[in-house]
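Colleague: just to be clear, the model below is a prediction. Sequence and coordinates:
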Amino acid sequence: MIAPVEFDFLRRFLKEKSGLALSDDKHYLLETRLDPVMRKASIPNVTQLVAALRERGTSPLAEAVIEAMTTNESLFFRDKRPFEQLASLILPGIVSRRPPGQPLRIWCAAASTGQEPYSIAMLLRDNERLLGGRRVEIIATDLSGEVIDRAKEGLYTQFEVQRGLPVQYLLKCFNQEGDMWRINADIRSMVRFSRLNLLQPFGHLGQFDIVFCRNVLIYFDTPTKSDVLSRIASVMAPDAYLVLGGAESVLGLSTELVPGSQHGFYIRKN
């Protein structure tokens, strides 16, 4: 059982380093997620884990703790509707307002193991006529270096490709390698992956036409949500779209973003 003082330290540590806000009833979650980290590092108990984190600060151990507590659930074409609206509403609107030849830039701010950015890439490849010959840059970031490395590989289990991936995309965009499936090199080349903590500055990424930041804000407290949304708005073009998860909203959190014409989509307030 985690002592109250140790739980409080770990909760503050995770909030500071990743934005993750743990409620008072998450003792069991901490124990379950941190047990493999302690075993790998030969740390016998939580008391010594806390002592090591206090002493070492930013370290591979600290990164392992953060990654263990980060939820990396993802699947291809998750929730379907955002991708349908991307093809039917967002892309035609953005393209119609851009000068010929101007590249489009898309940011997936919580890419996990790559299913979301690769879903976008496959959708764009399948709807190239919508782009009018434009080049598209897809930037995919995540807090976890481990999942970013997996995403770059583009290698998925049979279970993973069965979750949300239409069979026509599996046949067109993947090659089977034993009992695994690797996404084709031409699709992988459309996405640039890098590690990024949303609590840290990201203005260096440049300006975007479309931002996907889905199912991330639900893990933050209200001040952190407001801060992240404000900084996301600052890297959005004036007519750019922000796509959030179905349980997320900017209402009461941002004065710079307003709901678009479809649920889950937001635009900069001009």
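Modeller: Received, thanks. Numbers count the residues shown, from 1 in each chain.

Colleague: pretty sure residue 123 sits against residue 85.
Modeller: No: here residue 123 does not reach residue 85: they are 11.0 Å apart, not a contact under Cβ atoms under 8 Å. To be clear about C-beta, it is placed using only N, CA and C from the backbone, and glycine gets the same treatment.

Colleague: so the spatially most central residue of the chain versus residue 151, what's the distance?
Modeller: Against the mean C-alpha coordinate of the chain, by Cα atoms, centre = their mean, the closest residue is residue 110 at 0.8 Å. Going from residue 110 to residue 151 by Cβ to Cβ, to the nearest Å gives 11 Å.

Colleague: anything in contact with each of the two?
Modeller: Common contact partners of residue 110 and residue 151 (Cβ atoms under 8 Å, 6 or more residues apart in numbering): residue 142.

Colleague: where do the helices sit along the stretch 51-200 of the chain?
Modeller: Secondary structure of the stretch 51-200 of the chain by DSSP state H, counting those that start in this stretch: the helices cover 60-69, 81-85, 91-96, 115-126, 145-153, 158-162, 167-173, 185-188.

Colleague: all strands for the stretch 151-270 of the chain, in order.
Modeller: Secondary structure of the stretch 151-270 of the chain (DSSP state E, counting those that start in this stretch): strands at 155-157, 174-177, 180-183, 191-195, 208-212, 236-243, 257-259, 265-268.

Colleague: re earlier: the residue nearest to the centre of the chain - nearest residue in space that isn't next to it in sequence?
Modeller: Nearest residue to residue 110, sequence neighbours excluded (Cβ to Cβ, 6 or more residues apart in numbering): residue 216, at 4.4 Å.

Colleague: so how far is residue 192 from that neighbour?
Modeller: Residue 216 is 19 Å from residue 192, where distance means Cβ to Cβ.

Colleague: likewise for residue 125?
Modeller: Separation of residue 125 from residue 192 (Cβ to Cβ): 16 Å.

Colleague: pick out whichever of those two has more residues nearby.
Modeller: Using other Cβ atoms under 10 Å as the criterion, residue 125 and residue 192 rank with residue 125 on top: 17 against 12.

Colleague: excluding residues flanking it in the chain, which one is nearest that one?
Modeller: Sequence neighbours aside, residue 187 is the residue nearest to residue 125 in space, at 6.6 Å (criterion: Cβ to Cβ, 6+ apart).

Colleague: pLDDT value on the one you found, please?
Modeller: pLDDT recorded at residue 187 is 96.

Colleague: so how far is residue 39 from it?
Modeller: Distance, residue 187 to residue 39, using Cβ to Cβ: 37 Å.

Colleague: the two - which one has more neighbours?
Modeller: More crowded of residue 187 and residue 39, by other Cβ under 10 Å: residue 187, with 20 against 10.

Colleague: contacts only, for the closest residue to residue 135 other than its chain neighbours.
Modeller: The shortest distance from residue 135 to any non-neighbouring residue, by Cβ to Cβ, 6+ apart, is to residue 103 (4.4 Å). Shown in contact with residue 103 (Cβ under 8 Å, 6+ apart): 134-137.

Colleague: of these, closest to residue 5?
Modeller: Residue 5 lies nearest to residue 137 out of the contacts of residue 103, by Cβ to Cβ, at 47.0 Å.
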